[in-house]
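In: this one's sequence-less:
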Ligand code: DC
């Protein structure tokens, strides 16, 4: 499909498969994939490593603000994957642990953290032709995105998916903890003051509780073809 220079915003609840979907869609359409959640995870890992997350889970936000000047996060592509780097260090694995997941929502609720991340997201996407996933991409980061998709799925299905993902990475999660973390993050993400998670008025809802990736992609490409009057390239 010959896709015009568009930005596609994919938002939704935790563990709805946004990243897998956005990645697969970007590959199919020949667009760049950007994972905004990875940036918040990168800032959270930074805060944890600097000792700025207190025992009670609260954040030393003044020290975090001061330390952000020394943080440089960027994505590098390797074997079709997009990996997050802090300077020269690949931190893709470290940002996906349950510990980082446990602290990322409070960190991402801090207004100056959101400004810091938003600035970088805009700079990464300045060439356009991007599929970006997150919580506020269609509402705040790119309110003029040409296509907005809001993803949702049954919470038990989501917890199981996240559980399987962590197991596949060699971690040993407890399903109830995963479900609890997911509920907590959804609550904080949708109740914070700045850029809460919510569905943009012009977003298309994708409930993938019982859909395969192929079905999700067929739904999205059908939507894109209709919206931009595109024709599938003929196959010989
Ligand atoms: O998509 P994810 O689970 O990797 O995101 C991690 C956290 O980052 C999530 O709990 C909320 C936050 N986030 C956000 O506040 N805004 C975004 N655009 C993306 C993620």
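Out: Good, I have the coordinates. On a predicted model such as this, the values are computed, not experimentally measured, just so you know. Residues are numbered from 1 along each chain as shown.

In: how many residues are close by residue 102?
Out: Applying other C-beta atoms under 10 Å, we find 18 residues neighbouring residue 102. Where C-beta positions appear, they are placed from N, C-alpha and C, glycine not excepted.

In: an error on my part: the question was meant for residue 218.
Out: Residues lying near residue 218 (other C-beta under 10 Å) number 12.

In: any idea how far it is from residue 28?
Out: 10 Å (C-beta to C-beta, to the nearest Å).

In: at which residues are the helices of the protein located?
Out: 18-29, 36-49, 61-67, 98-108, 111-124, 155-168, 175-191, 213-228 (DSSP state H).

In: looking at those, spot the one closest to the ligand.
Out: helix 36-49 (2.6 Å; C-beta to the nearest ligand atom).

In: quick one on the thing from earlier: highest mean neighbour count out of the helices of the chain?
Out: Neighbour counts (mean count of other C-beta atoms under 10 Å) averaged over each of the helices of the chain peak at helix 36-49, with a mean of 23.

In: list of residues touching that one?
Out: 18-19, 53, 59, 64, 67-68, 71, 73, 75, 84, 86, 91-92, 94-96, 99-101, 103-104, 107-108, 113, 116-117, 120-121, 132-135, 137, 141 (C-beta atoms under 8 Å, 6 or more residues apart in numbering).

In: check the residues you listed against the ligand, which are close?
Out: With C-beta under 6 Å from any ligand atom as the criterion, the contacts of helix 36-49 include 104, 108, 134, 135, 137 near the ligand.

In: relative to residue 179, which of those is nearest.
Out: residue 104 (16.7 Å; C-beta to C-beta).

In: residues in this structure within reach of the ligand, list them.
Out: Contact residues (C-beta under 6 Å from any ligand atom) of the chain with the ligand: 14, 36-37, 40-41, 104-105, 108, 134-137, 185, 189.

In: any stretches of this protein with poor pLDDT?
Out: Filtered on pLDDT under 70, the chain yields the residue ranges 230-236.

In: in this structure residue 183 contacts residue 158, no?
Out: No - using C-beta atoms under 8 Å, residue 183 makes no contact with residue 158, being 9.8 Å away.

In: leaving out chain neighbours, which residue sits closest to residue 18?
Out: residue 133 (4.2 Å; C-beta to C-beta, 6 or more residues apart in numbering).

In: which residues are in contact with the one you found?
Out: 9, 10, 11, 18, 19, 21, 22, 34, 35, 36, 37.

In: so the second one is in contact with residue 149, correct?
Out: Yes - contact status for residue 10 versus residue 149: in contact at 4.9 Å, counting by C-beta under 8 Å.

In: could you check which of those two is surrounded by more residues?
Out: More neighbours surround residue 10 than the other of residue 10 and residue 149, with 31 against 28 (other C-beta under 10 Å).

In: returning to that earlier point: could you dump the helices of the chain to TSV with distance to residue 207?
Out: Below are the helices of the chain laid out as TSV (distance: least, C-beta to C-beta, whole Å):
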stretch	distance to residue 207
helix 18-29	12
helix 36-49	20
helix 61-67	36
helix 98-108	23
helix 111-124	26
helix 155-168	10
helix 175-191	15
helix 213-228	10
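
In: which of those helices sits closest to residue 4?
Out: Nearest to residue 4, of these and by C-beta to C-beta, is helix 213-228 at 6.1 Å.

In: what's the distance between the nearest residue to residue 213 once chain neighbours are set aside and residue 48?
Out: Of all residues not flanking residue 213 in the chain, residue 24 sits nearest, at 5.9 Å (C-beta to C-beta, 6+ apart). Note on residue 24: its distance to residue 48, by C-beta to C-beta, is 30 Å.
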